[in-house]
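# Below: sequence and its predicted model.
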Amino acid sequence: MQENNTEKKPLTVPLNDLHAQIGGKMIEFAGYMMPVRYTSDKDEHLAVRNNVGVFDVSHMGEFLFKGKNALNLLQYICSNDIASLPIGKAQYNYFPNEQGGIVDDLIVYHTAEDEYMMVVNASNIEKDWAWVTKHNAKFGADVQNLSSEYCLFAVQGVNAVKTLQKLTTEDLLEMPYYAIKKMNFAGLDNILIASTGYTKKGSGSFEVFVPNNHAEMVWKKIFEAGAEFNIQPIGLGARDTLRLEMGYCLYGNEINDTTSPFEAGLGWVTKFTKDFVNSENLKAQKEQGVSRKLIAFKTKEQGAIPRSHYELCTENGEVIGEVTSGTLSPSLNIGIGLGYVPVQHAEIGKNIYIKIRQKLQVAEIIKLPFV
Amino acid sequence: MEVLKELKYTKEHEWIKLEADNTAYVGITDYAQKELGDIVFVEIETVGEELNQQAVFGTVEAVKTVSDLYLPVSAKILEVNADLAKDPATVNADPYGKGWMVKIALQKPEQIAELLSAEQYEALIK
């Protein structure tokens, strides 16, 4: 779980009461009260893999960038090449910091001419907003923090498209992966729908941005539309196991203010086609190569479940790294995890050993995703 | 949240059910199984060992988390519930019955008086 670095009373999402009413177990996460599960982590996980589920991820932050200078600001603070992003498409990014680490990871959506939206991690909204406004002093773009004005519902799973299609006349199957479109949805004009998601590539991944005042109506319409597929609300517990099966980095676990993007495997979203924060040092790092790498592994013995901070070892027990995320995979029914080890121990197909309750448990290093 | 009147409890959310011959069954409470979520593995490798009150006698793994199991009283571990190896989710389904974890022989029966009553445990989890 992510560290919550604020001492303040937790915030609530607009549908907080609804989640409690429908059986959500509410816990504090990233400074917000959030549903961790409604029924069972496993059932919710499998509902998304095999059917359709809805996550209320309204704790996530949304920033809007407008005007002629928006692109220049984004090119400077983001790792990926925003100039190559056509209108109507989305792109994975991170904010590099000046010390070689990562401020946050995020998605940039090119919503219209000279207009971009960004979705950032809930735990980092304040830090990210300070980062954006600090750098924008040089660029003068029109920037707005809309985080508290929008709800975000992730509708995910093989039956997500059939569910959402009932609420719009736009052909959702026409949307390629990582696209975004404004449309009439659930009777409302100009609703942004993105074919992005945290769970699985391809059709079946949608995120719906809803102004707070319409959130409850839209949530209920989505559940009516999905009733024939037995649509279910999904908590943060299943969200985390779903993301780990895909091997996506979680800010606070795999990446943070001190981790190198190249060690974390984020070289593919680091584009030296432009000048950006710390780009010279990162370029040098890329040329020199890194000394450790994020690996993905799955265990073999029943009950050998990796957890964050467990030690990663060689066969004879020499500690060479640490698990950053681990869980039982509900799809595979074995332990899966991510962690950092020196590059010479990072070869796919080789074994790695995890110290679990003083015993070394063997795991195989695999190529992502797990499922 | 179900709390059975006839059992004694610990602050760590174990229950203990006394039998006539100074033996007892130990498991985790309904509250504990709900907090943990889907239980996927119960590891108890202390059968035959004599352990002190509060000693860790095993571990329970849920999908999202792992938790140690603490012995409510000093005892010898007589038996582990073998059915849990096949179906650990029994702990979720029937925490006070088929989901029991170990049978123990009490070494200091007077320690029972130190445990929480059902009323005290209910107040703790409120």
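Okay, I see it.

# so how far does stretch A:111-123 reach from one end to the other?
24 Å (Cα to Cα, to the nearest Å).

# If you count neighbours, what's buried in that stretch?
A:111, A:114, A:116-123 (16 or more other Cβ atoms under 10 Å in any protein chain shown). Where you see a C-beta, it was placed from the backbone N, CA and C, and this is true even at glycine.

# ok, residues contacting it?
A:2-5, A:29-32, A:59-68, A:70-71, A:74, A:82, A:87, A:104-110, A:128, A:152, A:180, A:182, A:192, A:207, A:209, A:251-252 (Cβ atoms under 8 Å, 6 or more residues apart in numbering or on different chains).

# next structured bit after the longest helix that chain A contains?
In chain A, taking DSSP state H as the definition, the longest helix is helix A:125-139. Counting by DSSP states H and E, the element after helix A:125-139 in chain order, helix or strand, is strand A:142-145.

# check contacts around residue 72.
All of this refers to chain A. Contacts of residue A:72 (Cβ under 8 Å, 6+ apart): A:139, A:141.

# that's the wrong chain, I meant chain B
By Cβ under 8 Å, 6+ apart, residue B:72 lies in contact with B:8-10, B:14-16, B:26, B:53, B:111, B:115.

# Who are the packing partners of the longest helix of chain A?
strand A:61-66, helix A:70-77, strand A:102-112, strand A:142-145 (3 or more Cβ pairs under 8 Å, 6 or more residues apart in numbering or on different chains; DSSP states H and E).

# and it with strand A:61-66, angle?
For helix A:125-139 against strand A:61-66, the angle by axes from the mean of the first three to the mean of the last three Cα atoms, to 10 degrees is 10 degrees.

# Alpha carbons only: can I get helix A:125-139 in CSV?
Extracted as CSV, the C-alpha positions of helix A:125-139 are listed here (Å, rounded to 0.1, in the frame of the first residue of the first chain):
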residue,chain,number,x,y,z
ILE,A,125,-1.8,15.5,-5.9
GLU,A,126,-0.4,18.2,-3.7
LYS,A,127,3.2,17.4,-4.6
ASP,A,128,2.5,17.2,-8.3
TRP,A,129,0.5,20.4,-8.3
ALA,A,130,3.3,22.3,-6.6
TRP,A,131,5.7,20.8,-9.2
VAL,A,132,3.5,21.8,-12.1
THR,A,133,2.9,25.4,-10.9
LYS,A,134,6.6,25.8,-10.0
HIS,A,135,7.7,24.9,-13.5
ASN,A,136,4.8,26.8,-15.1
ALA,A,137,6.3,30.1,-13.9
LYS,A,138,8.6,29.8,-16.9
PHE,A,139,5.9,28.7,-19.4
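
# Show me which residues of it are buried.
Result for helix A:125-139 [16+ other Cβ under 10 Å]: buried residues A:125, A:127-129, A:131-132, A:135-136, A:139.

# The nearest residue to residue B:96 once chain neighbours are set aside in helix, strand or coil?
When the adjacent residues along the chain are set aside, residue B:96 lies closest to residue B:4, with 5.5 Å between them (Cβ to Cβ, 6 or more residues apart in numbering or on different chains). Secondary structure for residue B:4, judged by DSSP: H, G, I helix; E, B strand; the rest coil, is coil.

# mind listing what residue B:4 touches?
B:15, B:96, B:118.

# would you turn the contacts of residue B:72 into a markdown table with pLDDT, secondary structure and neighbour count?
Output for the contacts of residue B:72, formatted as a markdown table (pLDDT from 0 to 100; DSSP: H, G, I helix; E, B strand; the rest coil; neighbours: other Cβ atoms under 10 Å in any protein chain shown):
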| residue | pLDDT | secondary structure | neighbour count |
| --- | --- | --- | --- |
| B:8 | 98 | strand | 23 |
| B:9 | 98 | strand | 24 |
| B:10 | 97 | coil | 22 |
| B:14 | 98 | strand | 22 |
| B:15 | 98 | strand | 28 |
| B:16 | 98 | strand | 21 |
| B:26 | 98 | strand | 25 |
| B:53 | 97 | coil | 16 |
| B:111 | 97 | helix | 19 |
| B:115 | 97 | coil | 19 |
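
# Please name the bridge partners of the residue nearest the centre of chain B.
In chain B, the centroid-proximal residue (Cα atoms, centre = their mean) is residue B:27; its distance is 2.3 Å. Residue B:27 forms beta bridges with residue B:15, as assigned by DSSP bridges.

# Would you check that it makes contact with residue B:91?
Yes - counting by Cβ atoms under 8 Å, residue B:27 sits close enough to residue B:91 to count as a contact (7.3 Å).

# and for those two, which residues touch both?
Joint contacts of residue B:27 and residue B:91 (Cβ under 8 Å, 6+ apart) are B:99, B:101.

# Is the residue in chain A positioned nearest to chain B in a helix, a strand, or coil?
Among the residues of chain A, residue A:303 lies closest to chain B, at 3.7 Å counting by Cβ to the nearest Cβ. Here residue A:303 takes the coil state, with states given by three-state DSSP.

# Quick check: closest non-adjacent residue to it.
Nearest one to residue A:303, counting by Cβ to Cβ, 6+ apart, is residue B:41 at 3.7 Å.

# got the contact list for the strand or helix carrying that neighbour?
Assessed by DSSP H and E, residue B:41 sits inside strand B:39-43. With Cβ under 8 Å, 6+ apart as the test, strand B:39-43 has contacts from A:302-303, A:305, A:328, A:357, B:33, B:58-63, B:81, B:84-85, B:88-89, B:91-92, B:101.
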